[in-house]
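> pasting the structure only:
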């Protein structure tokens, strides 16, 4: 996909990976609609672009604000070439600590917002338009303390794969922890319950952004970073099978 002169909607654009993607896509010659709830951060990113885009202040965890965003974009008459759902929120609460407010907030931002934006904006995307959804290895692996976050990302993964079967061009990005982001810093805390090796697998946002833009150019449908994560997935599956067998044997009645 030639990204020059493409119109791109990018959520979570004020910081982290979203900010890095804004810089990279600006260099590619894209026209950007930048979405975030952080007004100062959003304006700072836009002011640093070679070709400033349109800033859209929106809390994606608020359904009313999401609907207003979709209505404003469709009313503009602008056709979109790419929608990138990059905004996300972390959670590392164990089940006993989880609150209903936290459940709703995480699911609204990580799962429902991307679904609603794609459903609402797809009729206003070009026929060869691309949807890029930023997922997580948490949606594929079982790790302690992030059941809610994992569930939200697993939902996003399933949605991406399903709409691809309906003819929507998609790129599902499955990322390990990103260096320096708030979520990675929080799960690095020893009380978060994550194994030490998980924190050491982090990827710089600059590297992740570069690979994502490259995958968009090449028309890929799936990107997994770090690239050797399939080995982790394979080992995790083997361990899961072994644990299931062990539990089944333990429950079997003695003869």
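Ah, there it is. If you're wondering where the values come from, they're calculated on a predicted model, not measured in any experiment.
> residue 137 contacts residue 172, doesn't it?
No: under the criterion of Cβ atoms under 8 Å, residue 137 makes no contact with residue 172, lying 12.0 Å away. All C-beta atoms are positioned from the backbone trio N, CA, C, and that covers glycine.
> got the phi and psi for the residue nearest to residue 27 when sequence neighbours are not counted?
Excluding the flanking residues, the one nearest residue 27 by Cβ to Cβ, 6 or more residues apart in numbering is residue 50, at 7.2 Å. Note on residue 50: its backbone torsions stand at phi -70, psi -40 [degrees, to the nearest 10].
> what residues are bridge-paired with residue 84?
residue 10, residue 132 (DSSP bridges).
> could you find the closest non-adjacent residue to residue 81?
residue 6 (4.0 Å).
> thought the one you found was touching residue 82?
Yes: Residue 6 is within contact range of residue 82, at 5.9 Å (criterion: Cβ under 8 Å).
> what ranges do the helices span in this structure?
Using DSSP state H, the helices found in the chain span residues 16-27, 39-47, 63-75, 100-107, 113-121, 147-165, 182-187, 196-199, 205-218, 229-251.
> and those, which is most packed in?
Among the helices of the chain, helix 16-27 has the highest mean neighbour count (mean count of other Cβ atoms under 10 Å), at a mean of 22.
> tilt between that helix and helix 39-47?
30 degrees (axes from the mean of the first three to the mean of the last three Cα atoms, to 10 degrees).
> who touches helix 16-27?
3, 8, 10-13, 32, 34, 36, 41, 45-46, 48-51, 53, 84, 86-87, 134, 175, 178, 180-182, 205-206, 208-210, 212-213 (Cβ atoms under 8 Å, 6 or more residues apart in numbering).
> so where is the stretch 151-255 of the chain shaky, pLDDT-wise?
Applying pLDDT under 70 to the stretch 151-255 of the chain flags the ranges 180-201, 228-255.
> report the central residue of the chain.
The centre of the chain sits closest to residue 134, judged by Cα atoms, centre = their mean, with a distance of 2.6 Å.
> hmm, that one is touching residue 110, no?
No: Residue 134 is beyond contact range of residue 110, at 9.5 Å (criterion: Cβ under 8 Å).
> still on that earlier bit, the residue nearest to residue 27 and residue 100, how far apart?
Here the criterion is Cβ to Cβ, to the nearest Å. By it, residue 50 lies 44 Å from residue 100.
> do residue 28 as well
Counting by Cβ to Cβ, the gap from residue 28 to residue 100 is 42 Å.
> for residue 166, same thing?
The value you get for residue 166 to residue 100, if Cβ to Cβ is used, is 33 Å.
> ok, residue 15 next?
Residue 15 is 27 Å from residue 100, where distance means Cβ to Cβ.
> residue 203 too?
Residue 203 sits 33 Å away from residue 100, going by Cβ to Cβ.
> repeat that for residue 109.
Residue 109 sits 15 Å away from residue 100, going by Cβ to Cβ.
> same question for residue 148.
11 Å.
> cool, residue 134 as well?
Where residue 100 is concerned, residue 134 sits at a distance of 25 Å (Cβ to Cβ).
> try residue 113
Distance of residue 113 to residue 100, computed by Cβ to Cβ: 18 Å.
> again with residue 53
36 Å.
> same check, this time on residue 219
To residue 100, residue 219 is 41 Å away according to Cβ to Cβ.
> now residue 120
26 Å.
> kindly report the same for residue 1.
Between residue 1 and residue 100 the computed distance is 41 Å (Cβ to Cβ).
> next: residue 173.
29 Å.
> on that earlier part again, the residue nearest to residue 27: how many residues sit nearby?
8 (other Cβ atoms under 10 Å).
> could you do residue 30 as well?
24.
> could you report the pLDDT at it?
We have a pLDDT of 98 for residue 30.
> swap in residue 47?
According to the prediction, residue 47 has pLDDT 98.
> please name the residues that touch it.
For residue 47, no residue meets the contact criterion (Cβ under 8 Å, 6+ apart).
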